[in-house]
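Student: got a structure for you, letters missing:
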């Protein structure tokens, strides 16, 4: 247990909680200090993370189905990644890694890379089955 | 634990233990180079320090192309705990900025494969790269938001 690290984590958590609170109260368009996805702004195309702010807002209001509509891959990957990151952070604060990790192995990691790449391409195809992957 | 090491009469560091082990594995620090950390009475050659001895024993064999394959497949101590930063990479890709998050995911994906093949130095290098890309992505995102807040604040002040 390292006090300075615990302090940083507490600070980060506080910032995260503030962000979540403002997002919940003011909505994805009510945050003037949150820049729009630069890629979408420049190209008009959707990146793999596009729609996540709106999805997070919908989740914070309990509308899970709507959240999946904004970014289905992100809604699966992000909670998984958050669990993985929390385990890593706890190990970091403790000074040595926890005895277990959320580990998908080398194959799983590459599968995630290809899923994200494929998702990126598919959600930008402008015809019916694929438009379901793009934020409405 | 922070280590100092000395090369050609120059004191370098501090570096973390994992980083020093990576330097030993890659041959950047040789077993004859002197190392020291807080609590040690005096500087000692890296090869004589018990905590580092496992790596110092076969320094350049790990990534030498001439090493026999059997050496490469020997499981190295510490190899099991190389962080792959996969989840951190995914979070920064989705939340922060993907141009820097995607290289992080690719490096993160390499770590476990390299480790399974016994290339500990390679796995550590990939791990470090993944970490660096994550920090860059997170740093740029935080920087952007701070800039944005500054601009928004300035605009609010000047419009009054």
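Tutor: Noted; the coordinates are in hand. Note that the coordinates shown come from a computational prediction; the quantities given were computed from them, not determined experimentally.
Student: number of nearby residues for the closest residue in space to residue A:72 that isn't next to it in sequence?
Tutor: Nearest non-adjacent residue to residue A:72, counting by CB to CB, 6 or more residues apart in numbering or on different chains: residue A:133, 6.6 Å away. From N, CA and C alone the C-beta is placed, and that goes for glycine too. Using other CB atoms under 10 Å in any protein chain shown, the number of residues around residue A:133 comes to 19.
Student: Enumerate every residue touching the residue nearest the centre of chain A.
Tutor: Residue closest to the average C-alpha location in chain A (CA atoms, centre = their mean): residue A:78, at 4.3 Å. Residue A:78 is in contact with A:52, B:90, B:91, B:94, counting by CB atoms under 8 Å, 6 or more residues apart in numbering or on different chains.
Student: And the first one, what's its pLDDT?
Tutor: At residue A:52, the predicted lDDT confidence score is 86.
Student: Run a quick neighbour tally on it.
Tutor: By other CB under 10 Å, neighbour count at residue A:52 equals 24.
Student: Verify the contact between it and residue B:95 for me.
Tutor: Yes. Using CB atoms under 8 Å, residue A:52 is in contact with residue B:95, at 7.1 Å.
Student: Please report how far residue A:83 lies from chain B.
Tutor: Per CB to the nearest CB, to the nearest Å, residue A:83 is found 8 Å from chain B.
Student: Spatially nearest residue to that residue (excluding sequence neighbours)?
Tutor: Using CB to CB, 6+ apart and skipping the chain neighbours, the partner closest in space to residue A:83 is residue A:102 (5.6 Å).
Student: Helix, strand, or coil at the one you found?
Tutor: coil (DSSP: H, G, I helix; E, B strand; the rest coil).
Student: That one: neighbour count?
Tutor: For residue A:102, the count of nearby residues is 15 (other CB under 10 Å).
Student: need the contact list for it.
Tutor: A:80, A:83, A:84, A:87, B:87.
Student: Just among the contacts of residue A:78, which is most surrounded?
Tutor: Highest neighbour count within the contacts of residue A:78: residue B:90, with 29 neighbours (other CB under 10 Å).
Student: For it, pull up the helix or strand it's in.
Tutor: Counting by DSSP states H and E, the element that carries residue B:90 is helix B:86-95.
Student: Can you list the residue ranges for helices in chain A?
Tutor: A:3-26, A:38-43, A:52-60, A:64-70, A:72-94, A:105-122, A:128-131 (DSSP state H).
Student: hang on, the earlier thing: next one, pLDDT for the residue nearest to residue A:83 please.
Tutor: Model confidence at residue A:102 (pLDDT) stands at 81.
Student: do residue A:61 as well
Tutor: Taking residue A:61 on its own, its pLDDT is 91.
Student: these two touch, right, it and residue A:24?
Tutor: Yes. Judged on CB under 8 Å, residue A:61 makes contact with residue A:24 at a distance of 6.9 Å.
Student: and residue B:4, that one's in a helix?
Tutor: No. Using three-state DSSP, the assignment for residue B:4 is strand, not a helix.
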